[in-house]
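Q: Just need the structure, nothing else, for what follows:
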Amino acid sequence: MHGMTTVTGEPRADAPTAPPSYEIHRAPEPPSRPGRRRRALALTAGGLALALLTGLGTYFALGALDDGGKEGGKKEPAAREPVEKEKPDAGGAEAAPEPSASRKGPAPAPGGGLPKEFLGAWQANAEGKEAARRFEIVQGDEGDVVAQVHTVFKGGVCTADAVLRAYDRATGRMTVESQNVQGLPPDTRCTSAGRQTLRPAGDDSLDWRRGKGGADSGRTLDRVSDAARPVPLELLRGEWESDDNPPEGKALMQFEQGRTGTATVDLKVESGGQALCKWRATLGAANGKVLAYSPLDEQKLGNGRKCQDRGDTSFEVRVRSDEEIVVTYLGSEDETRYTRSG
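A: Have a look, this model is predicted:
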């Protein structure tokens, strides 16, 4: 909030008093000749005129000083000047005007510290070396956990709670800070992203930036499917068989519905209806028909079998139709095709 500088004018002193009067007292004169009397009267009249002029000059001089340097006119008490807002120091440049109410961010929703425009799930898919990034934002006040953050990169998935630090309506920007960072699989090394800012960037998108005040480069997050049911299970029900089956059996994939960070997909190698090996991955991001999962982690079946290491790379599942999906590992352009089994 800008400081307020009150500029006031105090009423000045009362108008000047009337100028002093000058009275002429004639002393008794001895009898004199007529000429001398006329000369005395002339001198006396001249002295009276000089005294009157001197008094009037003093009056106008005093009046001019009391009226703030203005000559003539009746002096009035100074009017109180309007209150002004102190303008911020812009290093000598003229300060930019305050944004109008129509250009400010939306007001927080009743019962919380965030506008409704922020609520929901937002995501940027993995692109090149850029990780997939997902925010699931709920209502809350400063100091509350208002978002779950999921980052899917080549080596794994990192999840974190995001605590609301501020919402600035003047800029429309919310600031959060990550904490309770965890990795998927559990041995994945993750670090906190620290402070991050989010701001509406148009229809159904948010501008995300990292660093204090959003100084670092960021990305655009788009609104995505319901955070509670991000897996399009109506398309992914049942089992899906790989086109690239191993010699010992067939590879089958099966999806589970659930929230990001908890929903899983299982991959198993089966022979004669018996599971020989099994791996599991956790959902890290979901954008319609594009799902991003953590690296596959082996699930021990207790059969003493040594299973193939499926690597330590996250992967995406893309739904092409209700009969076909493709799996692509991050950093690779190779695809493995799966079709609905049975």
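
Q: got the end-to-end distance for stretch 104-121?
A: 23 Å (CA to CA, to the nearest Å).

Q: contact partners of that stretch?
A: 134-142, 144, 146, 164, 167-174, 198-200, 206, 223-227, 230, 260 (CB atoms under 8 Å, 6 or more residues apart in numbering). For the C-beta atoms, the positions are set from N, CA and C on the backbone; glycine is no exception.

Q: So for stretch 266-284, mean pLDDT?
A: The average pLDDT within stretch 266-284 is 94.

Q: domains of this protein?
A: 1-98, 105-223, 233-340 (automatic domain parsing).

Q: End to end on the last one, go ahead and measure it.
A: Distances were taken as CA to CA; on that basis the terminal residues of domain 233-340 are 13 Å apart.

Q: From here on, call the first residue 299.
A: In the new count, where the first residue is 299, that last one comes out as domain 531-638.

Q: ok, of the contacts of stretch 402-419, which come out buried?
A: 432-435, 437-438, 442, 444, 462, 465, 470-472, 496-498, 504, 522-523, 525, 528, 558 (16 or more other CB atoms under 10 Å).

Q: which stretches of the chain have low pLDDT?
A: 299-401, 510-515, 640 (pLDDT under 70).

Q: let's see 80
A: Low-confidence segments of the chain, defined by pLDDT under 80: 299-403, 408-409, 426-427, 509-515, 523, 609, 640.

Q: And for Ala526, the neighbour number?
A: By other CB atoms under 10 Å, the residues close to Ala526 number 11.

Q: Next: Ala422.
A: Residues near Ala422, counting by other CB under 10 Å: 22.

Q: Grab the nearest non-local neighbour of it.
A: Excluding the flanking residues, the one nearest Ala422 by CB to CB, 6 or more residues apart in numbering is Arg517, at 4.6 Å.

Q: residue contacts, the one you found?
A: Counted by CB under 8 Å, 6+ apart, Arg517 has contacts 422, 428, 431, 506.

Q: What of Gln480?
A: Contacts of Gln480 (CB under 8 Å, 6+ apart): 456-458, 488.

Q: circling back: of all pairs in the contacts of Arg517, which one is the farthest apart?
A: Glu428 and Trp506 (11.6 Å; CB to CB).

Q: Mind listing the shared neighbours of those two?
A: 422, 517.

Q: between those two, who's got more neighbours?
A: Trp506 (21 against 11).

Q: which residue sits closest to the more buried one in space, ignoring its chain neighbours?
A: Nearest residue to Trp506 in three dimensions, chain neighbours excluded: Gly516, at 4.6 Å (CB to CB, 6+ apart).

Q: Please name the residues that touch the one you found.
A: 495, 505-508.

Q: Now that we have those, can you turn them into TSV and tack on secondary structure?
A: Listed next are these as TSV, based on DSSP: H, G, I helix; E, B strand; the rest coil:
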residue	secondary structure
Thr495	strand
Asp505	strand
Trp506	strand
Arg507	strand
Arg508	strand
